[in-house]
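Novice: Build me a structure from this.
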Amino acid sequence: MREGLDLNVVGTASRPRTESARSGALEERALLDRVILHDVEAFERLYRIYQSRLARFLITLVKRPQLVEEVLDDTMMAVWQTAGSFRGTSKLSTWIFAIAYRKALKARVRWPDPVEDHELHPRVSEDPLPDEQLYQEQLHETLVEAMAHLSAEQRAVVDLTYFHGMGYREIADIVNCPVDTVKTRMFHARRRLKQALSGSFADWI
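Specialist: The predicted structure follows:
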């Protein structure tokens, strides 16, 4: 098993370095403070920061590539309109992902029969090292295919954990449910993923 890809450890697949994460969080909060003052340039910068991250998350929920951009735009428009309501009781990323989650659920109501299009799955924002590229691509493709067998709620938990490096408490804030519910969803998701995966990939779950 390769270091950093043990799926038994929550979030190790994409957990950011502490210093860079802290610096990024401070930058994002500074941008939000400017957005509150209707600074368009700051909003565009914040949009670029979250665009690929939200696209990666949203495709697992709406499963319609043509809807991802619409939901992403709705999410960021809500950020623009309600920036002043953010009180800092959670991470800014948690607040934004929670908005995206609610927008995605509404979109799923409008489009109850999603169509899979594996060609248009967004790439993870951070590229792996050259010697790990093939390994990471195989992992990503295999997980995306296996996640098709999960419910939308389970996919959200798996995606936020393994592709965004978030912990159970932060995920609970995003999907608006108790931490124990997140743990239960992850338990059942991992069991189903283990059944869907084959070969050495199954050993990671």
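Novice: May I see the buried residues of the lengthiest helix in the chain?
Specialist: Assignment by DSSP state H gives helix 40-62 as the longest helix of the chain. Buried residues in helix 40-62, counting neighbours by 16 or more other CB atoms under 10 Å, are found at 42-43, 46-47, 49-51, 53-62. C-betas here are computed from N, CA, C, even on glycine.
Novice: What of stretch 141-157?
Specialist: 142-144, 146-147, 150, 153-157.
Novice: Looking at those, which is nearest Trp95?
Specialist: In terms of CB to CB, no member of the buried residues of stretch 141-157 lies closer to Trp95 than Ala156, at 15.8 Å.
Novice: quick one, what contacts Leu46?
Specialist: 28, 31-32, 35, 76, 79 (CB atoms under 8 Å, 6 or more residues apart in numbering).
Novice: And it, what's its pLDDT?
Specialist: Note on Leu46: pLDDT of 95.
Novice: Would you quantify the distance from it to Leu58?
Specialist: 17 Å (CB to CB, to the nearest Å).
Novice: Next: Met77.
Specialist: Counting by CB to CB, the gap from Met77 to Leu58 is 14 Å.
Novice: likewise Val179?
Specialist: 23 Å.
Novice: Repeat that for Phe43.
Specialist: 19 Å.
Novice: Kindly report the same for Phe163.
Specialist: 12 Å.
Novice: what are the ranges of the helices in this protein?
Specialist: Counting by DSSP H, the helices of the chain are 18-36, 40-62, 65-82, 92-110, 133-147, 152-162, 168-175, 179-196.
Novice: so for the fifth one, what's the average pLDDT?
Specialist: For helix 133-147, the per-residue pLDDT values average out at 70.
Novice: roughly how far apart are the residue nearest to Pro178 when sequence neighbours are not counted and Phe187?
Specialist: Closest residue to Pro178 in three dimensions, ignoring its sequence neighbours and counting by CB to CB, 6 or more residues apart in numbering: Ala172, at 6.3 Å. The gap separating Ala172 from Phe187 is 14 Å, by CB to CB.
Novice: Kindly report the same for Thr60.
Specialist: For Thr60, the distance to Phe187 - CB to CB - is 18 Å.
Novice: Torsion angles phi and psi at the residue of the chain positioned farthest from its centre?
Specialist: The outermost residue of the chain relative to its centre, with distances by CA atoms, centre = their mean, is Leu37 at 27.7 Å. With angles defined as degrees, to the nearest 10, Leu37 sits at phi -90, psi 10.
Novice: Quickly note the distance from it to Asp180.
Specialist: 40 Å.
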